[in-house]
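Student: Could you look at this predicted model? Sequence included:
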Amino acid sequence: MAADRLSPCDDALAPMPAGPLHWLRAGRLQVALAPDAGGRLAQIRFDGMDWLVGPDDGWPATIAWGCYPMVPWAGRLRGGHFDLDGTAHAVPVNFGGHAIHGTGFSRPWQMDVLDADQAEMSLALPEDDYWPFGGTATQSVHLEGDRLFLQLAVQAGKQAMPAVLGWHPWFRKPDRLVFEPDAMYPRDADGIATLPRIPPGPGPWDDCFVAGGEIALHRADQVVQLRADTDHWVVYDGAAHATCVEPQTGPPDAFTLAPRVLLPGQRLRLAFELAWRAGEGRAA
């Protein structure tokens, strides 16, 4: 496949059917998995309240619903171009002239483990004009009490490869977002993150931040607190119906701004935890 051509599954704006859903349950927490739809979480339901924009909520584009893994890169790659060890590479653009969110969010994943409260999925990354390096992505989903634990990993195959990981949850619009970042990456005229980092500006945001404090969404009488083993977060809150709060192991266009290269067989991981509690005005 030429680097400027896409199959329907790789078009970020093409409709993405959910396919069969697999529900995990633990107490008040329920999660619907859609392995055929980019290995994403189609819905997160806590105590009867749906937290995600789902497949039937009116935003059917591949990029626009659920909570999907971003691998082997997260956010936009400028023009689909990057260099690795002095060699120029190009991958197909799939969103506004750029390559966005990797290959994992648009391809079916294999369900390797499916239990009542946990699941594991895997995806063999392509070794072609879309992504020339191969490799393997895995993710695990585990429900425990009022907490949801997600882990995403990518392992290089026989070739060294650049890698960035992320999760992209489309949360239904919260009443309040608690988020006080320390710094942000300014965006240029193309909407791409640049350096050097600057003090955070006012919203609405579609930006990457460095943040280490509390991150939480308040909605009705529930609060979900977000934690990850990274300090990079992308926040998009410009839509009236949703807010995205995305942990990433690096910024958008990281292959250029902050390249991380995995040697053959080396692995990169990202853990993401969502924990629910009662909001103001409700007893715990």
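Tutor: Good, I have the coordinates.

Student: Then Thr256 would be within a strand, right?
Tutor: No: the assignment for Thr256, made by DSSP: H, G, I helix; E, B strand; the rest coil, is helix rather than a strand.

Student: separation between it and His98?
Tutor: 12 Å (CB to CB, to the nearest Å). Where you see a C-beta, it was placed from the backbone N, CA and C, and this is true even at glycine.

Student: joint contacts of the two?
Tutor: Common neighbours of Thr256 and His98 (criterion: CB atoms under 8 Å, 6 or more residues apart in numbering): Leu77, Arg78.

Student: Does Val154 lie in a helix or a strand, and which?
Tutor: strand 147-155 (DSSP states H and E).

Student: just the strands in the stretch 1-150 of the chain please.
Tutor: For the stretch 1-150 of the chain, applying DSSP state E, counting those that start in this stretch gives strands covering 22-26, 29-34, 40-46, 49-50, 67-70, 76-77, 81-84, 87-90, 99-100, 110-114, 118-124, 136-144, 147-155.

Student: Check those strands for me and report the most buried one.
Tutor: strand 67-70 (a mean of 27; mean count of other CB atoms under 10 Å).

Student: And it, what does it pack against?
Tutor: strand 40-46, strand 166-172 (3 or more CB pairs under 8 Å, 6 or more residues apart in numbering; DSSP states H and E).

Student: Throw those strands into TSV and include distance to His81 and mean pLDDT, thanks.
Tutor: Compiled in TSV, the helices and strands packed on strand 67-70 are given as follows (distance: least, CB to CB, whole Å; pLDDT from 0 to 100):
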stretch	distance to His81	mean pLDDT
strand 40-46	27	98
strand 166-172	20	98
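
Student: Distance to Val71 added to those strands, as JSON lines?
Tutor: Formatted as JSON lines, the helices and strands packed on strand 67-70 follow (distance: least, CB to CB, whole Å):
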{"stretch": "strand 40-46", "distance to Val71": "12"}
{"stretch": "strand 166-172", "distance to Val71": "8"}
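
Student: Val154 contacts Ala163, correct?
Tutor: Yes: Val154 is in contact with Ala163 according to CB atoms under 8 Å; the separation is 5.2 Å.

Student: list the residues that contact both of these two?
Tutor: Val71, Pro72, Gly135, Leu262, Leu268.

Student: tell me the two of these that are most distant?
Tutor: Based on CB to CB, the longest span within the shared contacts of Val154 and Ala163 runs between Val71 and Leu262 and measures 11.7 Å.

Student: Mind checking which of those two has more residues around it?
Tutor: Val71 (30 against 20; other CB atoms under 10 Å).
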